[in-house]
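Participant: Turn this into a model:
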Amino acid sequence: MVIGILQPGYLPWLGFFEQLHRSDIFVIYDDVQYDKHGWRNRNRIKTANGIQWLTVPVLLKYNKHPQICEVRIDNMAKWRKKHLETIRQSYSRAPYFEHYFNIFESSFACNWEYLIDLDVHLMTELVRALGLPEKPMVRSSTLGIEGGRIDRLIKICTYFGADTFYEGASGVNYIDPAVFLENGIRVKFQEYRHPTYPQLYGDFMPYLSLVDLLFNCGDKSLDILIGNTSPEVVN
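Facilitator: Okay, here's the model as predicted:
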């Protein structure tokens, strides 16, 4: 069994969903410390004026170090209307705009309190939009598993009976596969090759939110994301 364990993100990029696709069970790692400059509350899309960040404002006290699952959204800021209009303006000319825009209309109509609930909701909606087969997705905060950084990952793998841990490429910097192997778990690091696909507004720009791929490529998005489509077919 292959397990993926990954921190949540706001409108994640393509590689996030590739990890999810390759995993039999996916653990949303939401009870680790929130990083202020990470991807938990922001991501990038492409507009007529270039790259634009969509950032969800959050309430943080600088003398605190909350877990991801504890972070509240600052709803005094009118971020939902701003994000919806930015997406509308940026992708209204895209081929599949009408197919997916309702996801954002309905999602931004809700008054989300916690960032994790918003992230998981949008991630689930995007999984459905991609047509990914349903698979177990579990929040680590519901498991009650404690321990140090590596020990805890091993415990989560063991809890689910996983024999393969599909880890992001950055894990190479701090994970020793031999330690996992001692516990009967093989570590496979992601080697994601970012595809190119038709985009609005000039030269191709990689590493954007999945939103960009969906609006531009529609029902071909999953094959493009997992590399089942040749560049000739994509273009």
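
Participant: Give me the pLDDT value at Val233.
Facilitator: What the model reports as pLDDT for Val233 is 38.

Participant: How much space separates the residue of the chain most remote from its centre from Thr158?
Facilitator: Distance from the C-alpha centroid of the chain, by CA atoms, centre = their mean, peaks at Glu182 (29.9 Å). Distance from Glu182 to Thr158, counting by CB to CB, to the nearest Å: 12 Å. Where you see a C-beta, it was placed from the backbone N, CA and C, and this is true even at glycine.

Participant: And for Lys220?
Facilitator: Taken as CB to CB, the span from Lys220 to Thr158 is 38 Å.

Participant: Compare the two (neighbour count), which wins?
Facilitator: Between Lys220 and Thr158, counted using other CB atoms under 10 Å, Lys220 has the larger neighbour count: 18 against 15.

Participant: Now do the phi/psi pair for that one.
Facilitator: Here is the backbone geometry of Lys220 (degrees, to the nearest 10): phi -90, psi 0.

Participant: Could you do Thr55 as well?
Facilitator: Here Thr55 shows phi and psi, under degrees, to the nearest 10, equal to phi -120, psi 130.

Participant: my read: it touches Asn41, true?
Facilitator: Yes - using CB atoms under 8 Å, Thr55 is in contact with Asn41, at 6.2 Å.

Participant: Neighbour count: these two, which is higher?
Facilitator: More neighbours surround Asn41 than the other of Thr55 and Asn41, with 26 against 15 (other CB under 10 Å).

Participant: Could you give the average pLDDT over stretch 180-196?
Facilitator: On average, stretch 180-196 scores 95.

Participant: Now do the end-to-end distance for it.
Facilitator: End-to-end distance of stretch 180-196 (CA to CA, to the nearest Å): 34 Å.

Participant: isn't Leu122 right up against Phe16?
Facilitator: No - counting by CB under 8 Å, Leu122 does not reach Phe16; the two are 11.5 Å apart.

Participant: pLDDT weak spots in the protein?
Facilitator: 62-63, 228-235 (pLDDT under 70).

Participant: Which parts of the protein are helices?
Facilitator: Along the chain, the segments classed as helices by DSSP state H run 14-22, 79-91, 97-107, 115-130, 149-159, 177-181, 210-217, 221-225, 231-234.
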